[in-house]
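> Requesting a structural model of the entry that follows:
(one chain, ligands or ions: 1)
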Amino acid sequence: MIPFDMTYHRPISIEEAVQLFEALQQQGKKPLYYGGGTEIITLSRLHFVSADAVIDIKHIPECRTLEVGQHELVLGAALSLTTIEETNPFPLLTKTASEVADRTARNQITLGGNICGQIFFVKPYCRYY
Ligand SMILES: Cc1cc2nc3c(=O)[nH]c(=O)nc-3n(C[C@H](O)[C@H](O)[C@H](O)COP(=O)(O)OP(=O)(O)OC[C@H]3O[C@@H](n4cnc5c(N)ncnc54)[C@H](O)[C@@H]3O)c2cc1C
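Down below sits the predicted model:
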């Protein structure tokens, strides 16, 4: 159970999301952008995170962009790690994404959430001895 009340917002454009974030802050509230929600929910239950409002960015088309150009790769912050694995736009990223958590969690976890999240994971074989 999440131990506090919060409002849920689902903007459909980046402008709307940013304006909403600023308006909530001006009202003295603490908003959070919401990707997959896995960390927000996990840390809220442990009382490590609290928010007055969450702004779900998954319904903003630009945040789901996946474009492979000749010289650039454009990935939206709301793409799930599973989508990245399945479309495989960049093999090293696919390999990295596929090593995060398990398939069920990766269906929710977003690229933006993985980058902006506060929980850091270290694989045992990455340690220095
Ligand atoms: C069971 C489990 C196992 C995990 N195992 C691993 C692992 O092995 N390796 C690993 O690297 N990670 C692991 N993670 C962490 C995971 O990869 C993500 O870092 C994390 O859960 C957040 O992803 P999310 O999309 O759900 O983000 P959310 O919970 O939605 O957000 C996390 C934070 O990022 C912020 N945020 C989200 N999106 C944006 C955005 N677009 N712009 C600005 N801020 C944003 C939110 O406000 C919040 O503060 C695990 C998580 C879980 C729940």
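
> give me phi/psi at the residue in the chain that the ligand sits nearest to?
Here the chain gets closest to the ligand at one residue, residue 113, 2.1 Å apart by C-beta to the nearest ligand atom. C-betas here are computed from N, CA, C, even on glycine. With angles defined as degrees, to the nearest 10, residue 113 sits at phi -70, psi -40.

> Contact partners for the closest residue to it other than its chain neighbours?
Closest residue to residue 113 apart from its sequence neighbours, by C-beta to C-beta, 6 or more residues apart in numbering: residue 35 at 3.4 Å. Contact partners of residue 35, counting by C-beta atoms under 8 Å, 6 or more residues apart in numbering, are 57, 58, 77, 78, 109, 110, 111, 112, 113, 116.

> Was I right to think the residue of the chain closest to the ligand contacts residue 42?
No: with contact defined as C-beta atoms under 8 Å, residue 113 does not reach residue 42; the gap is 11.3 Å.

> Settle it for me: which of the two has more neighbours?
Neighbour count, other C-beta atoms under 10 Å: between residue 113 and residue 42, residue 113 has more, with 22 against 14.
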